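**Q** mind folding the following:
(2 chains)
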Amino acid sequence: MKVKMISRNPDQYVRETKLQNHRMPRNFDPELHPMETAREYVRALNATKLERVFAKPFVGNLSGHRDGVACFGKHPKQLSTLVTGAYDGEIRIWDLANRASIRNFVAHDGFVRGIVYSVNGDRFFTVGDDKTIKVWKNDMPDVDEEEEPVNTILSRTILTGISHHRNESIYATCGEVCAIWDENRNDPLKTLKWGVDTLHTVAFNQVETSLLSCCASDRSIILYDQREALPLRKIVLTMKSNKLAWNPMEAFNFTVANEDCNLYTFDTRQLKNPLKIHFDHVSAVTDVDYSPTGKEFVSGSYDKTIRIYNVHHSHSREIYHTKRMQHVVCIAWSLDNRYIFSGSDEMNIRMWKSNASEKLGVIRPRERVAFNYQEKLKEKFAAHPQIKRIARHRQVPKHVLNAQRKIRAIKDKEKVKEANVRKHSKPGKVPFVSEKEKPVLREDV
Amino acid sequence: MLEDENLDKKPPRRGAKSAPSRYFHSPVPEEEVKPIKLKGVSQQNFSGEIIKVEQDKQIGFKKTFYRKGAPKKHIKTETNSKIPKNLLKKYDKGEKVRSKGVKTKFFKEKQERKEVYLQYATEQAARTEILLTEQQGFIEPDEEEITAQYRQVEIAKNVDILSASKHFKLNLDFGPYSLRYTKNGRHLLLGGRRGHVAAFDWITKKLLCEMNVMEEVADVSWLHVHTMFACAQKDWVYIYDSQGTELHCVKRLYRVNCMEFLPYHFLLATGNKDGYASWLDVSIGELVSNFNTKLGDIRLMHQNPGNGVLCIGGSKGVVSMWSPKVREPLAKMLCHSTPMSALTVDPKGQYMVTAGQDRKVKVWDIRALKGPLVSYGLRLPANQVVVSQRGTLAYSQGTYCEIQSNLLLGEKAETPYLRQMCDSFVHGMRFCPYEDILGIATAKGFQSLLVPGSGEPNFDALEDNPYQTKSQRREHEVHALLEKIPPELITLDPNEISAVDVPTLQEKVDAKRSLFHLKPPKIDFKSRHKMKGRGGSAKASRNKQIVKDLKRKEFIADIKKSKQSIFKQNSKKASDFIPLDSSVPSVLDRFKPKSTKKK
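**A** Numbers count the residues shown, from 1 in each chain, chains lettered A, B, ... in the order given. Okay, the predicted model is just below:
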């Protein structure tokens, strides 16, 4: 007879020296892993709890400005460089890795309204309330040299914003008119105008690079094509839009930060009503910036909070706030998709993680695998009530909570009123209007 | 993350050469343009040339989704052609989600993309099969011999020294004994009825502890690690560590007959003489649940390792299944018409094996609660039944013990796989996990039998590792504690947590029925505080009454409406139904009894 029995040679299962890793033979037979789903559920629950435990988004603050921070300029090539402008005309250049200001000088009389870098990042342009565009070198001046602009352009009109072309040496400013400038010339190549109102934001599209848009103080958003003499399109919203940001990946989408506490994402092909309305802020939204992936954007608001939204969702996935942070004026998402910068009224610039529970520093491969696994589990069980509750819960400041309640009461009241009016009118007299149709008042071509 | 995949995973364009650079460019290459022959020149009333454009294949083209990073060229050759179908079935996690019911195209595509990855995961898991190193054991009999005729001594002679050393016998004086192996099969725990308790590493024969608790010992059980075990003594359950030091005395577990440890829930389940089933959470030391099953003395109890449900066999031949958070049995199965004598569930949680005084051993499908799949008729009633990881069935009748190589063989097996005569009455049998060993505890001691082919040859070190070091054991313990499944999740279907929560028919019926007994809710109306002179308590109370009445009216109207809709649904008549009391006069009306008008 022939007999074989399970007889394991321990040498194959035990490590030889302490320098080796333990041998871990695997067998993925589902029958050796009973109650897989329940165990995964518990893991997902733990992962969700850990995410909330480790959610410490605040990285640090950069202090140095002597007045409120007005605008940011992101360096296109160096992740560790950020330029900020303040209400008193001061400009500071920061080394983010060391959280230190490396240069500072007064550039303008009055507010600095906008800062942009040129395409290769060797110089930057600032506009201020003193009707000038100043061009500065990115490099530090020598020890005995003074901080002086490379070029100063006097504009005929006031300037309120600036935006640089994605890959050409062209930039656009806005004010009374929208002007297109060449970097090498002191006169605008072209001025674009529609109506008499002041434009307060201009933004070049990052994909369809000759497209740009402005927000005007008559509550309108105007689309221009840099190649054409006349503006393309204009829409008027119910309230003023403060800032506009183009989606860097989807050329046709842009988001505006509106005075009515909401953000609106529009599709340029269909401007009649917004693609999505993003709620949750309780006061005017002052600034918005897209993440480089184009999937999320961040917004700062007058209600002293920062919120992060998914482009396709109408409610925010994250809220950041601190006790000391006042009205957020400007916001920027770093080009490596990991950090968010916020500048606020009380002179500080704050650095936040874009993913609140992300681990900073070196992540080893096994750690990375574990994080990915946790991510997937959270996604798989996201709809379970307990997990959903933990993942969604955020502590918000009391004033925000109260304001939220108030806004909800107002909305409810309006709904009740509309329903009552409908009830006591002829059928069909009071039509149902969807929320999306409300914000756009008209579209001009 | 998932949306990341969505964006990047645009389906590849079909035929790059046919793809137009602009939409107004002709998508049709020259060679596909064929002139059409017309019947006659006279029929043509225009001078141009008619061409027939072959319809582009893209119409009706079904999108196929590919995994990110999959080699594009070899997609077809890579798919499951190489993986045997039985392997794919083994690692299969269930059917695909039918995208038919998904409403929007976006989510439909999202689901289809997901399925590609799930399919890939199944394939990858099936591929790992070739990495398994160990082979299953077996006995190949010589010609004109059968395996049943081999004695243990002969088998031990024909195997290697290491395996031969696993066949041993212990003569012990404090019998009858009960026994348990640890989950990784490395340690053995023996408990003699007359107080003798011994724990040891049975492979190296290294003793962990041995003592006499000076009390009757009903049952013993390892806890999650081999450093702790529970011992059901005369009155209470005691927990000892591997040195034999008493750690706890659990007085709430009183006069316990049998114990089962649920390793993933950290629950010590016990059944006692008064019919109480109790679950003790050993990680926090709390009694999760304790109630009377009303079954009387619980003597047969076994956990279902597939879902953690406790199967309790009774003297009425009924097996009832219990979960700690439900006070009624989840299911009951009438298995024998006589009292039951033994009960076990196979380690995979697929089959339940029962034995009764009717001298039958029956195998049941415990997932579908069906059966018996197979029934064995014996000469004597079986008093112990066990199933190994590979489905080897062993049962004992008094001192005699038989082993079937597969539990599903049934009556077809004319002779057993192996047989063994023990020196005294068999009181406990267990297969050792991950080994080809059957441990038998009798009234006079313990013996370890070689049963080739009974154990799972390849262990998963992250689940159970027989070669665990101390640090590994500690790490495993921490992980296991973090992943402790809450007792609420013990259900008959272990995957219930991932299923969609759809109300059952019973719940729907109950909801409808409850409509008829609803009472209007109490309304707590607080009138707005008004300035002096404008309100007054009389006005306020009147307003309150008005609001209350309005709400009540509304509620009643709603209920009435929903009730009527139910009546309407249920009053759908069959086509051939003639109503007795119809308003339409018929010729048959004269046969009706005349209604007497009451005054």
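**Q** okay, CA-based contacts and neighbour counts for the rest of this
**A** Noted.
**Q** near chain A, which residues of the stretch 1-150 of chain B show up?
**A** Residues of the stretch 1-150 of chain B lying close to chain A (Cα under 8 Å from any Cα of the partner chain) are B:90-91, B:125, B:128-129, B:132, B:134-142.
**Q** among those residues, which lie within helices?
**A** B:Lys90, B:Tyr91, B:Ala125 (DSSP state H).
**Q** what about the first one, how many neighbours?
**A** It stands for B:Lys90. 14 (other Cα atoms under 10 Å in any protein chain shown).
**Q** correct me, but B:Thr354 touches B:Val363?
**A** Yes. The criterion here is Cα atoms under 8 Å, and B:Thr354 meets it with B:Val363 at 6.6 Å.
**Q** with neighbour numbers in mind, choose between these two.
**A** The neighbour comparison of B:Thr354 against B:Val363 (other Cα under 10 Å) goes to B:Thr354, with 29 against 25.
**Q** isn't there a strand covering that one?
**A** Yes. Under DSSP: H, G, I helix; E, B strand; the rest coil, B:Thr354 sits within a strand.
**Q** quick one: residues contacting residue 168.
**A** The chain I'm using is chain A. A:Val119 (Cα atoms under 8 Å, 6 or more residues apart in numbering or on different chains).
**Q** hm, I was asking about chain B
**A** Here B:Phe168 is in contact with B:Gln447, B:Ser448, B:Leu449 (criterion: Cα under 8 Å, 6+ apart).
**Q** helices or strands next to the host helix or strand of the last one in the packing?
**A** With secondary structure defined by DSSP states H and E, B:Leu449 is part of strand B:445-450. Packed against strand B:445-450, as judged by 3 or more Cα pairs under 8 Å, 6 or more residues apart in numbering or on different chains; DSSP states H and E, are the following elements: helix B:152-158, strand B:168-171, strand B:437-442.
**Q** in chain B, where's the longest helix?
**A** helix B:537-570.
**Q** and it, average pLDDT?
**A** Per-region confidence: helix B:537-570 scores 86 on mean pLDDT.
**Q** now stretch B:312-324
**A** Mean predicted confidence for stretch B:312-324 is 94.
**Q** that one: end-to-end distance?
**A** End-to-end distance of stretch B:312-324 (Cα to Cα, to the nearest Å): 13 Å.
**Q** likewise for stretch B:314-328?
**A** 15 Å.
**Q** next: stretch A:283-298.
**A** Start-to-end, stretch A:283-298 (Cα to Cα) is 15 Å.
**Q** what does it rub up against?
**A** A:242-250, A:255-263, A:299-303, A:306-311, A:328-337, A:340.
**Q** try it again with 7 Å
**A** A:242-245, A:247-249, A:257-262, A:299-303, A:307-311, A:329-333, A:335, A:337 (Cα atoms under 7 Å, 6 or more residues apart in numbering or on different chains).
**Q** got the buried residues for it?
**A** Within stretch A:283-298, the residues that count as buried by 16 or more other Cα atoms under 10 Å in any protein chain shown are A:283-292, A:294-298.
**Q** does chain A sit close to stretch B:388-407?
**A** No. Using Cα under 7 Å from any Cα of the partner chain, stretch B:388-407 stays clear of chain A, coming no nearer than 9.3 Å.
**Q** restricting to C-alpha, output that stretch in PDB.
**A** This file holds the C-alpha atoms of stretch B:388-407, laid out as PDB (Å, rounded to 0.1, in the frame of the first residue of the first chain):
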ATOM      1  CA  SER B 388     -13.000  17.100   8.800                       C
ATOM      2  CA  GLN B 389     -11.900  20.100   6.700                       C
ATOM      3  CA  ARG B 390     -11.800  18.000   3.600                       C
ATOM      4  CA  GLY B 391     -15.200  16.400   4.300                       C
ATOM      5  CA  THR B 392     -14.100  13.200   5.900                       C
ATOM      6  CA  LEU B 393     -16.800  11.900   8.200                       C
ATOM      7  CA  ALA B 394     -16.100   9.900  11.300                       C
ATOM      8  CA  TYR B 395     -18.700   8.400  13.600                       C
ATOM      9  CA  SER B 396     -18.500   6.200  16.600                       C
ATOM     10  CA  GLN B 397     -20.800   3.500  17.900                       C
ATOM     11  CA  GLY B 398     -19.900   2.800  21.500                       C
ATOM     12  CA  THR B 399     -16.300   1.700  21.200                       C
ATOM     13  CA  TYR B 400     -16.200   1.100  17.500                       C
ATOM     14  CA  CYS B 401     -15.400   4.000  15.200                       C
ATOM     15  CA  GLU B 402     -15.800   4.300  11.400                       C
ATOM     16  CA  ILE B 403     -14.400   6.800   9.000                       C
ATOM     17  CA  GLN B 404     -15.900   7.600   5.600                       C
ATOM     18  CA  SER B 405     -13.700   9.400   3.100                       C
ATOM     19  CA  ASN B 406     -16.400  11.700   2.000                       C
ATOM     20  CA  LEU B 407     -19.500  12.600   3.900                       C
END
